[in-house]
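Participant: Requesting a structural model of the entry that follows:
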Amino acid sequence: MHTIIKKIIKKQGQDVITSKILVNCIDDEGGFSDIEKRPYKKILKLIIEEGYSRKLLDIGAWNAEAEMLARTCAQRSLIQEEGVLYVFACLAYGLGWLLKAPKVPAEVKKIKQQEAQKKAKEAEAIQKRNEEVIRKNAEEAARRKAEAAERRAQEAERQAAEAERKAKEAEIARKKSETDAQIKLAEEVRKKAEAEARIKAAEVARIKSEKDEADRKAAQKVIGKISNLGIIEYTAECRALIDSAYKEYSTLTVEQKTFVTNYEVLTAAKKEYNKLKKAAEEAQKKAEEIKKKIEKRKKESIHRWVFWSIYLITAAITFNRINEWWEWVISIIVFLVFAIGRYFYHSTFDDYFVLLKGPDEEELDAFIKENKSQERIPEKKSH
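Facilitator: Alright, predicted model coming up:
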(Lines give C-alpha, C1' and ligand atoms only; values in the text may rest on other atoms or scores of the structure.)
Protein backbone atom coordinates (compact mmCIF):
# COMPACT_ATOMS: atom_id res chain seq x y z
CA MET A 1 0.00 0.00 0.00
CA HIS A 2 2.89 2.43 0.77
CA THR A 3 4.34 1.89 -2.74
CA ILE A 4 0.99 2.75 -4.40
CA ILE A 5 0.62 5.89 -2.23
CA LYS A 6 4.10 7.05 -3.25
CA LYS A 7 3.25 6.48 -6.92
CA ILE A 8 -0.01 8.48 -6.65
CA ILE A 9 1.67 11.41 -4.84
CA LYS A 10 4.29 11.61 -7.61
CA LYS A 11 1.53 11.89 -10.19
CA GLN A 12 -0.93 14.21 -8.36
CA GLY A 13 1.16 16.01 -5.77
CA GLN A 14 1.24 16.03 -1.93
CA ASP A 15 -2.18 17.64 -1.56
CA VAL A 16 -3.81 14.44 -2.81
CA ILE A 17 -3.45 12.94 0.71
CA THR A 18 -6.06 15.44 1.98
CA SER A 19 -8.71 14.23 -0.50
CA LYS A 20 -10.78 11.05 -0.80
CA ILE A 21 -9.38 10.73 -4.32
CA LEU A 22 -6.39 9.03 -2.69
CA VAL A 23 -8.63 6.23 -1.36
CA ASN A 24 -10.25 5.68 -4.75
CA CYS A 25 -6.89 5.66 -6.53
CA ILE A 26 -5.43 3.11 -4.11
CA ASP A 27 -8.54 0.98 -4.55
CA ASP A 28 -8.19 1.17 -8.35
CA GLU A 29 -4.55 0.11 -8.11
CA GLY A 30 -5.55 -2.92 -5.97
CA GLY A 31 -3.97 -1.61 -2.80
CA PHE A 32 -6.84 -2.88 -0.65
CA SER A 33 -7.35 -6.21 -2.45
CA ASP A 34 -5.07 -8.23 -0.16
CA ILE A 35 -6.62 -9.46 3.06
CA GLU A 36 -3.87 -7.84 5.12
CA LYS A 37 -4.65 -4.41 3.62
CA ARG A 38 -8.46 -4.43 3.78
CA PRO A 39 -8.84 -2.93 7.30
CA TYR A 40 -6.72 0.13 6.32
CA LYS A 41 -9.19 1.48 3.76
CA LYS A 42 -11.56 2.50 6.56
CA ILE A 43 -8.68 3.96 8.63
CA LEU A 44 -7.40 6.04 5.66
CA LYS A 45 -10.91 7.43 5.01
CA LEU A 46 -11.18 8.45 8.67
CA ILE A 47 -7.78 10.18 8.64
CA ILE A 48 -8.73 12.22 5.55
CA GLU A 49 -12.28 13.07 6.74
CA GLU A 50 -11.16 14.18 10.22
CA GLY A 51 -8.39 16.41 8.75
CA TYR A 52 -5.48 14.47 10.23
CA SER A 53 -3.83 14.15 6.78
CA ARG A 54 -3.84 17.97 6.44
CA LYS A 55 -2.25 18.31 9.90
CA LEU A 56 0.38 15.73 8.95
CA LEU A 57 1.18 17.71 5.80
CA ASP A 58 1.50 20.86 7.90
CA ILE A 59 4.01 19.17 10.24
CA GLY A 60 6.20 18.48 7.15
CA ALA A 61 8.23 15.56 8.58
CA TRP A 62 7.89 12.21 10.31
CA ASN A 63 8.89 13.04 13.83
CA ALA A 64 7.63 12.75 17.40
CA GLU A 65 4.88 15.32 16.72
CA ALA A 66 3.64 13.26 13.75
CA GLU A 67 3.60 10.07 15.86
CA MET A 68 1.69 11.91 18.60
CA LEU A 69 -0.86 13.03 15.97
CA ALA A 70 -1.31 9.40 14.88
CA ARG A 71 -1.78 8.22 18.46
CA THR A 72 -4.33 10.99 19.13
CA CYS A 73 -6.29 9.87 16.07
CA ALA A 74 -6.28 6.29 17.31
CA GLN A 75 -7.50 7.28 20.80
CA ARG A 76 -10.32 9.53 19.60
CA SER A 77 -11.57 7.15 16.92
CA LEU A 78 -11.25 4.07 19.21
CA ILE A 79 -9.26 2.22 16.51
CA GLN A 80 -6.29 0.00 17.27
CA GLU A 81 -3.25 2.24 17.57
CA GLU A 82 -0.93 -0.13 15.68
CA GLY A 83 -3.08 0.05 12.52
CA VAL A 84 -3.37 3.88 12.62
CA LEU A 85 0.42 4.22 12.99
CA TYR A 86 0.87 1.93 9.98
CA VAL A 87 -1.37 4.12 7.73
CA PHE A 88 0.36 7.33 8.89
CA ALA A 89 3.75 5.67 8.17
CA CYS A 90 2.56 4.73 4.65
CA LEU A 91 1.61 8.40 4.01
CA ALA A 92 4.99 9.56 5.37
CA TYR A 93 6.76 7.04 3.12
CA GLY A 94 4.74 8.26 0.11
CA LEU A 95 5.74 11.87 0.92
CA GLY A 96 9.39 10.81 1.08
CA TRP A 97 9.81 11.40 4.81
CA LEU A 98 10.71 7.74 5.51
CA LEU A 99 13.37 5.74 3.72
CA LYS A 100 12.33 2.30 5.03
CA ALA A 101 9.02 0.78 4.04
CA PRO A 102 6.64 0.47 7.03
CA LYS A 103 5.99 -3.03 8.31
CA VAL A 104 2.50 -4.58 8.39
CA PRO A 105 1.24 -4.79 12.03
CA ALA A 106 1.24 -8.16 13.80
CA GLU A 107 -2.56 -8.07 14.19
CA VAL A 108 -3.04 -8.11 10.41
CA LYS A 109 -0.58 -10.99 10.12
CA LYS A 110 -2.56 -12.75 12.77
CA ILE A 111 -5.78 -12.27 10.75
CA LYS A 112 -4.01 -13.67 7.71
CA GLN A 113 -2.87 -16.71 9.71
CA GLN A 114 -6.40 -17.20 11.03
CA GLU A 115 -7.70 -17.09 7.45
CA ALA A 116 -5.16 -19.74 6.45
CA GLN A 117 -6.13 -21.88 9.46
CA LYS A 118 -9.79 -21.49 8.51
CA LYS A 119 -9.05 -22.74 4.98
CA ALA A 120 -7.08 -25.66 6.43
CA LYS A 121 -10.01 -26.53 8.72
CA GLU A 122 -12.43 -26.38 5.78
CA ALA A 123 -10.19 -28.71 3.81
CA GLU A 124 -10.01 -31.04 6.79
CA ALA A 125 -13.81 -30.94 7.15
CA ILE A 126 -14.23 -31.80 3.46
CA GLN A 127 -11.84 -34.72 3.91
CA LYS A 128 -13.79 -35.91 6.96
CA ARG A 129 -17.06 -35.70 5.04
CA ASN A 130 -15.56 -37.77 2.24
CA GLU A 131 -14.31 -40.33 4.75
CA GLU A 132 -17.76 -40.40 6.38
CA VAL A 133 -19.41 -41.03 2.99
CA ILE A 134 -16.96 -43.88 2.30
CA ARG A 135 -17.61 -45.35 5.76
CA LYS A 136 -21.40 -45.16 5.33
CA ASN A 137 -21.17 -46.83 1.91
CA ALA A 138 -19.11 -49.63 3.44
CA GLU A 139 -21.60 -50.01 6.32
CA GLU A 140 -24.50 -50.08 3.85
CA ALA A 141 -22.79 -52.82 1.83
CA ALA A 142 -22.14 -54.82 5.01
CA ARG A 143 -25.75 -54.34 6.10
CA ARG A 144 -27.07 -55.60 2.79
CA LYS A 145 -24.78 -58.61 2.96
CA ALA A 146 -25.98 -59.37 6.53
CA GLU A 147 -29.64 -59.04 5.45
CA ALA A 148 -29.04 -61.49 2.60
CA ALA A 149 -27.43 -63.96 5.02
CA GLU A 150 -30.34 -63.53 7.44
CA ARG A 151 -32.86 -64.20 4.69
CA ARG A 152 -31.00 -67.40 3.78
CA ALA A 153 -31.01 -68.48 7.44
CA GLN A 154 -34.76 -67.78 7.73
CA GLU A 155 -35.43 -69.85 4.61
CA ALA A 156 -33.44 -72.74 6.07
CA GLU A 157 -35.36 -72.41 9.34
CA ARG A 158 -38.67 -72.44 7.44
CA GLN A 159 -37.70 -75.60 5.60
CA ALA A 160 -36.72 -77.29 8.89
CA ALA A 161 -40.08 -76.27 10.44
CA GLU A 162 -41.91 -77.67 7.42
CA ALA A 163 -40.04 -80.98 7.79
CA GLU A 164 -40.94 -81.09 11.50
CA ARG A 165 -44.59 -80.38 10.72
CA LYS A 166 -44.70 -83.24 8.25
CA ALA A 167 -43.12 -85.58 10.84
CA LYS A 168 -45.80 -84.62 13.38
CA GLU A 169 -48.57 -85.23 10.90
CA ALA A 170 -47.09 -88.68 10.22
CA GLU A 171 -47.05 -89.40 13.98
CA ILE A 172 -50.67 -88.32 14.32
CA ALA A 173 -51.66 -90.56 11.45
CA ARG A 174 -49.85 -93.45 13.09
CA LYS A 175 -51.67 -92.91 16.37
CA LYS A 176 -54.99 -92.75 14.57
CA SER A 177 -54.30 -96.14 13.09
CA GLU A 178 -54.25 -97.87 16.49
CA THR A 179 -56.73 -100.66 16.99
CA ASP A 180 -60.22 -100.15 18.45
CA ALA A 181 -59.36 -102.47 21.34
CA GLN A 182 -56.56 -100.19 22.53
CA ILE A 183 -58.85 -97.16 22.34
CA LYS A 184 -61.57 -98.97 24.33
CA LEU A 185 -59.08 -100.05 27.01
CA ALA A 186 -57.86 -96.50 27.43
CA GLU A 187 -61.45 -95.25 27.74
CA GLU A 188 -62.22 -97.79 30.50
CA VAL A 189 -59.12 -96.81 32.45
CA ARG A 190 -60.13 -93.15 32.20
CA LYS A 191 -63.66 -93.81 33.45
CA LYS A 192 -62.35 -95.85 36.38
CA ALA A 193 -60.02 -93.06 37.41
CA GLU A 194 -62.83 -90.50 37.22
CA ALA A 195 -65.08 -92.69 39.42
CA GLU A 196 -62.34 -93.07 42.05
CA ALA A 197 -61.78 -89.31 41.99
CA ARG A 198 -65.50 -88.62 42.55
CA ILE A 199 -65.58 -91.02 45.52
CA LYS A 200 -62.52 -89.40 47.05
CA ALA A 201 -63.96 -85.93 46.55
CA ALA A 202 -67.23 -86.95 48.24
CA GLU A 203 -65.29 -88.29 51.24
CA VAL A 204 -63.26 -85.10 51.53
CA ALA A 205 -66.46 -83.01 51.38
CA ARG A 206 -68.05 -85.14 54.12
CA ILE A 207 -65.02 -84.77 56.40
CA LYS A 208 -64.93 -81.03 55.76
CA SER A 209 -68.63 -80.69 56.55
CA GLU A 210 -68.21 -82.54 59.85
CA LYS A 211 -65.20 -80.38 60.75
CA ASP A 212 -67.10 -77.19 59.88
CA GLU A 213 -69.98 -78.26 62.08
CA ALA A 214 -67.61 -78.91 65.02
CA ASP A 215 -65.90 -75.52 64.44
CA ARG A 216 -69.29 -73.78 64.28
CA LYS A 217 -70.31 -75.33 67.62
CA ALA A 218 -67.04 -74.23 69.26
CA ALA A 219 -67.50 -70.71 67.90
CA GLN A 220 -71.14 -70.60 69.05
CA LYS A 221 -69.98 -70.65 72.68
CA VAL A 222 -67.87 -67.55 72.15
CA ILE A 223 -70.72 -65.86 70.25
CA GLY A 224 -73.02 -66.46 73.24
CA LYS A 225 -70.50 -64.94 75.68
CA ILE A 226 -70.09 -61.86 73.52
CA SER A 227 -73.90 -61.50 73.21
CA ASN A 228 -74.25 -61.61 77.02
CA LEU A 229 -71.94 -58.61 77.58
CA GLY A 230 -74.87 -56.18 77.62
CA ILE A 231 -74.25 -52.53 78.53
CA ILE A 232 -70.57 -51.83 79.17
CA GLU A 233 -69.82 -50.35 82.59
CA TYR A 234 -66.64 -49.78 84.57
CA THR A 235 -67.17 -52.67 86.98
CA ALA A 236 -65.24 -55.78 87.91
CA GLU A 237 -68.10 -57.99 86.65
CA CYS A 238 -68.06 -56.33 83.23
CA ARG A 239 -64.27 -56.66 83.05
CA ALA A 240 -64.50 -60.34 83.96
CA LEU A 241 -67.06 -60.97 81.18
CA ILE A 242 -64.88 -59.24 78.58
CA ASP A 243 -61.73 -61.12 79.69
CA SER A 244 -63.60 -64.42 79.68
CA ALA A 245 -64.85 -63.80 76.13
CA TYR A 246 -61.33 -62.89 74.95
CA LYS A 247 -59.91 -66.00 76.63
CA GLU A 248 -62.46 -68.25 74.97
CA TYR A 249 -61.80 -66.59 71.60
CA SER A 250 -58.03 -67.09 71.93
CA THR A 251 -58.49 -70.87 72.44
CA LEU A 252 -60.19 -71.21 69.03
CA THR A 253 -58.30 -72.30 65.93
CA VAL A 254 -57.95 -70.08 62.88
CA GLU A 255 -60.83 -71.91 61.14
CA GLN A 256 -63.06 -71.70 64.23
CA LYS A 257 -62.45 -67.95 64.57
CA THR A 258 -63.91 -67.39 61.11
CA PHE A 259 -67.31 -68.57 62.43
CA VAL A 260 -67.38 -65.91 65.22
CA THR A 261 -69.69 -63.37 63.59
CA ASN A 262 -69.79 -60.76 66.38
CA TYR A 263 -66.08 -60.39 67.14
CA GLU A 264 -66.36 -56.66 66.31
CA VAL A 265 -68.80 -56.31 69.25
CA LEU A 266 -66.13 -57.73 71.59
CA THR A 267 -63.43 -55.35 70.36
CA ALA A 268 -65.84 -52.41 70.63
CA ALA A 269 -66.73 -53.47 74.21
CA LYS A 270 -63.04 -53.62 75.11
CA LYS A 271 -62.48 -50.12 73.75
CA GLU A 272 -65.53 -48.77 75.58
CA TYR A 273 -64.38 -50.36 78.87
CA ASN A 274 -60.88 -48.88 78.50
CA LYS A 275 -62.45 -45.49 77.79
CA LEU A 276 -64.60 -45.71 80.94
CA LYS A 277 -61.58 -46.86 82.95
CA LYS A 278 -59.50 -43.94 81.77
CA ALA A 279 -62.34 -41.49 82.59
CA ALA A 280 -62.75 -42.98 86.08
CA GLU A 281 -59.02 -42.82 86.78
CA GLU A 282 -58.91 -39.19 85.64
CA ALA A 283 -61.93 -38.32 87.84
CA GLN A 284 -60.32 -40.04 90.84
CA LYS A 285 -57.06 -38.19 90.25
CA LYS A 286 -58.91 -34.88 90.00
CA ALA A 287 -60.84 -35.58 93.21
CA GLU A 288 -57.57 -36.34 95.04
CA GLU A 289 -56.07 -33.08 93.78
CA ILE A 290 -59.15 -31.12 95.01
CA LYS A 291 -58.93 -32.87 98.39
CA LYS A 292 -55.26 -31.94 98.72
CA LYS A 293 -56.06 -28.31 97.90
CA ILE A 294 -58.80 -28.23 100.59
CA GLU A 295 -56.45 -29.72 103.19
CA LYS A 296 -53.79 -27.20 102.25
CA ARG A 297 -56.23 -24.32 102.66
CA LYS A 298 -57.36 -25.70 106.03
CA LYS A 299 -53.80 -25.59 107.24
CA GLU A 300 -53.42 -22.06 105.89
CA SER A 301 -56.55 -21.05 107.85
CA ILE A 302 -55.09 -22.50 111.08
CA HIS A 303 -51.84 -20.67 110.42
CA ARG A 304 -53.75 -17.40 110.16
CA TRP A 305 -55.52 -18.00 113.47
CA VAL A 306 -52.22 -18.93 115.17
CA PHE A 307 -50.62 -15.78 113.79
CA TRP A 308 -53.41 -13.54 115.09
CA SER A 309 -53.34 -15.30 118.47
CA ILE A 310 -49.61 -14.73 118.82
CA TYR A 311 -50.11 -11.14 117.72
CA LEU A 312 -52.80 -10.50 120.36
CA ILE A 313 -50.78 -12.19 123.11
CA THR A 314 -47.75 -10.15 122.16
CA ALA A 315 -49.86 -7.04 122.19
CA ALA A 316 -51.18 -7.93 125.62
CA ILE A 317 -47.69 -8.48 126.97
CA THR A 318 -46.39 -5.33 125.32
CA PHE A 319 -49.17 -3.10 126.65
CA ASN A 320 -49.05 -4.45 130.24
CA ARG A 321 -49.46 -1.01 131.57
CA ILE A 322 -53.13 -0.80 130.63
CA ASN A 323 -55.72 -0.88 133.35
CA GLU A 324 -57.29 -4.01 134.75
CA TRP A 325 -60.49 -3.67 132.73
CA TRP A 326 -58.59 -3.79 129.42
CA GLU A 327 -56.58 -6.77 130.62
CA TRP A 328 -59.87 -8.67 131.08
CA VAL A 329 -61.01 -7.62 127.58
CA ILE A 330 -57.76 -8.79 125.93
CA SER A 331 -57.86 -12.09 127.86
CA ILE A 332 -61.40 -12.75 126.68
CA ILE A 333 -60.43 -11.90 123.06
CA VAL A 334 -57.43 -14.29 123.18
CA PHE A 335 -59.65 -17.05 124.59
CA LEU A 336 -62.23 -16.47 121.89
CA VAL A 337 -59.51 -16.55 119.14
CA PHE A 338 -58.28 -19.98 120.33
CA ALA A 339 -61.81 -21.31 120.76
CA ILE A 340 -63.04 -20.09 117.38
CA GLY A 341 -59.87 -21.35 115.67
CA ARG A 342 -60.34 -24.83 117.14
CA TYR A 343 -64.03 -24.77 116.22
CA PHE A 344 -63.23 -23.73 112.62
CA TYR A 345 -60.75 -26.58 112.33
CA HIS A 346 -63.27 -29.24 113.42
CA SER A 347 -66.48 -27.81 111.98
CA THR A 348 -68.14 -27.59 108.62
CA PHE A 349 -68.19 -23.81 108.89
CA ASP A 350 -64.37 -23.86 108.69
CA ASP A 351 -64.65 -25.71 105.36
CA TYR A 352 -66.96 -23.06 104.00
CA PHE A 353 -64.70 -20.34 105.32
CA VAL A 354 -61.72 -21.78 103.46
CA LEU A 355 -63.67 -22.41 100.27
CA LEU A 356 -65.08 -18.90 100.15
CA LYS A 357 -61.54 -17.52 100.06
CA GLY A 358 -61.52 -18.07 96.31
CA PRO A 359 -61.81 -21.71 95.04
CA ASP A 360 -63.27 -22.24 91.60
CA GLU A 361 -66.83 -23.54 91.08
CA GLU A 362 -65.65 -27.04 90.18
CA GLU A 363 -63.82 -27.46 93.51
CA LEU A 364 -66.78 -26.01 95.45
CA ASP A 365 -69.27 -28.42 93.80
CA ALA A 366 -67.00 -31.39 94.50
CA PHE A 367 -66.59 -30.33 98.11
CA ILE A 368 -70.35 -29.87 98.65
CA LYS A 369 -71.09 -33.29 97.12
CA GLU A 370 -68.50 -34.94 99.37
CA ASN A 371 -69.91 -33.32 102.51
CA LYS A 372 -73.49 -34.13 101.52
CA SER A 373 -72.52 -37.79 101.15
CA GLN A 374 -71.08 -37.68 104.70
CA GLU A 375 -74.20 -35.79 105.97
CA ARG A 376 -72.04 -33.04 107.41
CA ILE A 377 -73.82 -30.12 105.73
CA PRO A 378 -77.53 -29.90 106.53
CA GLU A 379 -79.91 -29.36 103.63
CA LYS A 380 -81.61 -25.95 103.50
CA LYS A 381 -85.26 -26.06 104.42
CA SER A 382 -87.60 -24.83 101.76
CA HIS A 383 -90.13 -22.20 102.97
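Participant: and the gap between A167 and K176?
Facilitator: Going from A167 to K176 by C-beta to C-beta, to the nearest Å gives 15 Å. To be clear about C-beta, it is placed using only N, CA and C from the backbone, and glycine gets the same treatment.
Participant: any idea which helix or strand comes after the helix or strand containing Y40?
Facilitator: In the assignment (DSSP states H and E), Y40 maps to helix 39-49. Sequence order places helix 52-59 as the next helix or strand after helix 39-49, per DSSP H and E.
Participant: Can you list the neighbours in contact with that next one?
Facilitator: With C-beta atoms under 8 Å, 6 or more residues apart in numbering as the test, helix 52-59 has contacts from 14-15, 17-18, 46-47, 65-66, 69-70, 73, 88, 91-92, 95.
Participant: Mind giving me the ChimeraX command for buried ones among those residues?
Facilitator: To isolate the buried members of those in ChimeraX, using 16 or more other C-beta atoms under 10 Å:
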select :17,18,46,47,66,69,70,73,88,91,92,95
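Participant: Going by distance to A138, which of the contacts of helix 52-59 wins?
Facilitator: Proximity of these to A138 (C-beta to C-beta) peaks at L46, which lies at 57.7 Å.
Participant: The closest one: what's it in contact with?
Facilitator: Residues in contact with L46 (C-beta under 8 Å, 6+ apart) are Y52, C73, S77, I79.
Participant: want to try CSV for those residues, with distance to L185 as columns?
Facilitator: Shown next, in CSV, are these (distance: C-beta to C-beta, whole Å):
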residue, distance to L185
Y52, 126
C73, 123
S77, 118
I79, 115
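Participant: so where is the chain shaky, pLDDT-wise?
Facilitator: Along the chain, segments meeting pLDDT under 70 span 33-38, 105-116, 298-327, 330, 334, 337-383.
Participant: How is it divided into domains?
Facilitator: Taking automatic domain parsing as the reference, the chain has its domains at 2-104, 287-373.
Participant: got the phi/psi numbers for L252?
Facilitator: Main-chain dihedrals, L252, degrees, to the nearest 10: phi -80, psi 150.
Participant: I'd like the distance between I43 and A89.
Facilitator: In terms of C-beta to C-beta, I43 sits 12 Å off from A89.
Participant: and the gap between C238 and Q220?
Facilitator: C238 sits 22 Å away from Q220, going by C-beta to C-beta.
Participant: What remains of the contacts of L46 if I keep only buried residues?
Facilitator: Buried members of the contacts of L46, counted by 16+ other C-beta under 10 Å: Y52, C73, I79.
Participant: for those, which one is nearest I231?
Facilitator: Among those, and counting by C-beta to C-beta, the member closest to I231 is I79, at 107.1 Å.
Participant: so the closest one is in which element?
Facilitator: Per DSSP H and E: nothing holds I79, as it lies in no helix or strand.
Participant: Now do the contacts for it.
Facilitator: By C-beta under 8 Å, 6+ apart, the contact set of I79 is I43, L46, C73.
Participant: try 10 Å this time
Facilitator: Applying C-beta atoms under 10 Å, 6 or more residues apart in numbering to I79 gives the contacts P39, K42, I43, L46, I47, C73, V87.
Participant: what's the closest of these to A186?
Facilitator: If you rank these by distance to A186 using C-beta to C-beta, P39 comes first, at 105.8 Å.
Participant: What is the neighbour count of the residue nearest to that closest one when sequence neighbours are not counted?
Facilitator: Distances taken as C-beta to C-beta, 6 or more residues apart in numbering put G83 closest to P39, at 6.2 Å, once the chain neighbours are dropped. Neighbourhood size, G83 [other C-beta atoms under 10 Å]: 18.
Participant: Now do the helix or strand where G83 lies: which elements does it pack against?
Facilitator: Using DSSP H and E, G83 falls within helix 81-94. Helix 81-94 sits against helix 2-12, helix 21-28, helix 39-49, helix 52-59, helix 64-77, helix 106-176, with contacts defined as 3 or more C-beta pairs under 10 Å, 6 or more residues apart in numbering; DSSP states H and E.
Participant: Now that helix: buried residues?
Facilitator: Buried-residue list, helix 81-94, by 16+ other C-beta under 10 Å: G83, V84, L85, Y86, V87, F88, A89, C90, L91, A92, Y93, G94.
Participant: roughly how far apart are the first one and V104?
Facilitator: Right, the one you point to is G83. According to C-beta to C-beta, G83 and V104 sit 10 Å apart.
Participant: Mutual contacts of those two, please.
Facilitator: Common neighbours of G83 and V104, counting by C-beta under 10 Å, 6+ apart, are Y40.
Participant: Which residue comes closest to E50 once chain neighbours are left out?
Facilitator: Leaving out its chain neighbours, the residue that sits closest to E50 by C-beta to C-beta, 6+ apart is C73, at 6.9 Å.
Participant: residue contacts, the one you found?
Facilitator: Per C-beta under 10 Å, 6+ apart, neighbours of C73: 43, 46-47, 50-53, 55-56, 79, 81, 84-85, 87-88.
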